[in-house]
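Trainee: model this:
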Amino acid sequence: MLSRFTEKAYSLGFAAIGFSRPARPPHMDDFLRRLREGRHGDMAWLERNLDVREDPRRLLSGCRTIISLARPYPSQKPATPEGLTVSRYARPDAEDYHVELKRLCGELGKFIQQAFPDSRSRTCVDSAPILERDIAYAAGLGFIGKNSMLIIPGIGSGVFLAEILTTADIPFPAASPLESLCGDCTRCMDACPTGALEAPYLVDASKCLSYLTIEWKGKVDEKTAEKMGDCFLGCDRCQEACPLNPADDSTCVALPSAREFFLMDEQAFMKRFGRTALSRPGLAKIRSNLMAMGRTAFTQIELR
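Mentor: Numbering: from 1, shown residues only. I've put the predicted structure just below:
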């Protein structure tokens, strides 16, 4: 069953698959310490459901197996005609990865149901209170890099993660967490424009450009905007600097111009991007970021 399941996962575009038993995540204490120190910014939801984060079985009663899956996202950065970019994961011409991965995992869920008719399964994609990278690490998919990303040898860190929790008692060989391959390298830390990587494996999310340009509800200040470069949504610098990631600085024009973001209304934005990753920050946040960068002539427009 295991080999057939793995073949099915690969056929759906997943590049790495691992299995683990539900248990307390290996780096849970580090996560709790970062919360106590306030390194999570305004992301208050990270403080909730800590009992669930400590024990994934609370997400699915009777859970016996966790399947960790990784699917690479495109290496090219989406760009506007004038060369402004967004993070590689934020594909403006494809459906939101949450929706896509849940659909693909649904196919794998059917496979599990056929093999274990009485089983129940639940898919998690970057939304449930679960430490995805840590669980993938426990499943042997990769190691945690100094930038806190999960790095899969031969693939890198540019992947979407998903988990299938199931009551099926799937037999699998025990996996050993991989040792870090970072060595003495500090390229990711050196490349971080805001100093968010304060020490190896220690990230202050409140300083991270991905947090400030996507999750944070406030407006990016001028000093921070100077560090954004040409990217107005997210940041890939620490991953781009990592020698374990494929080198690719190419872009593809998949976004409207900065001017068009100010000419479209909310309805037009949602019609075009409502099913993509751009819907999370929303039109107002995108406009605010562009204005902070000074990359548009529409600096006097009042954002709604």
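Trainee: and Ser3, how many neighbours?
Mentor: 7 (other C-beta atoms under 10 Å). Yep, even glycine has a C-beta here, placed from its N, CA and C like the rest.
Trainee: what separation do you get for it and Tyr10?
Mentor: Using C-beta to C-beta, to the nearest Å, we find Ser3 at a distance of 11 Å from Tyr10.
Trainee: likewise Cys208?
Mentor: Distance of Cys208 to Tyr10, computed by C-beta to C-beta: 32 Å.
Trainee: who has more neighbours, the two?
Mentor: More crowded of Cys208 and Tyr10, by other C-beta under 10 Å: Cys208, with 25 against 12.
Trainee: tell me how many other residues crowd the closest residue to Glu179 other than its chain neighbours.
Mentor: In space, and not counting its chain neighbours, Glu179 is closest to Phe143: 6.4 Å by C-beta to C-beta, 6 or more residues apart in numbering. Residues near Phe143, counting by other C-beta under 10 Å, number 19.
Trainee: what of Asp265?
Mentor: 10.
Trainee: quick one: it from Arg259, how far?
Mentor: Separation of Asp265 from Arg259 (C-beta to C-beta): 14 Å.
Trainee: what does Cys231 give?
Mentor: Distance from Cys231 to Arg259, by C-beta to C-beta: 18 Å.
Trainee: of those two, who's got more company?
Mentor: When neighbours are counted by other C-beta under 10 Å, Cys231 and Arg259 differ, and Cys231 comes out ahead with 23 against 16.
Trainee: need the contact list for that one.
Mentor: Lys77, Leu84, Thr85, Val86, Ser87, Leu209, Thr213 (C-beta atoms under 8 Å, 6 or more residues apart in numbering).
Trainee: equivalent analysis for Lys227, please.
Mentor: With C-beta under 8 Å, 6+ apart, Lys227 has these contacts: Pro193, Thr194, Leu209.
Trainee: kindly report the same for Asn147.
Mentor: Counted by C-beta under 8 Å, 6+ apart, Asn147 has contacts Ser157, Cys188, Met189, Cys192, Leu197, Val203, Cys238, Gln239, Cys242.
Trainee: for Ala191, same thing?
Mentor: Residues in contact with Ala191, defined by C-beta under 8 Å, 6+ apart, are Arg237, Cys238, Glu240, Ala241.
Trainee: now Tyr10
Mentor: Per C-beta under 8 Å, 6+ apart, neighbours of Tyr10: Ile17.
Trainee: roughly how far apart are it and Gly142?
Mentor: From Tyr10 across to Gly142, the span is 17 Å (C-beta to C-beta).
Trainee: can you map out the helices along the stretch 101-250 of the chain?
Mentor: Using DSSP state H, counting those that start in this stretch, the helices of the stretch 101-250 of the chain run over 132-138, 187-191, 209-210, 222-225, 237-241.
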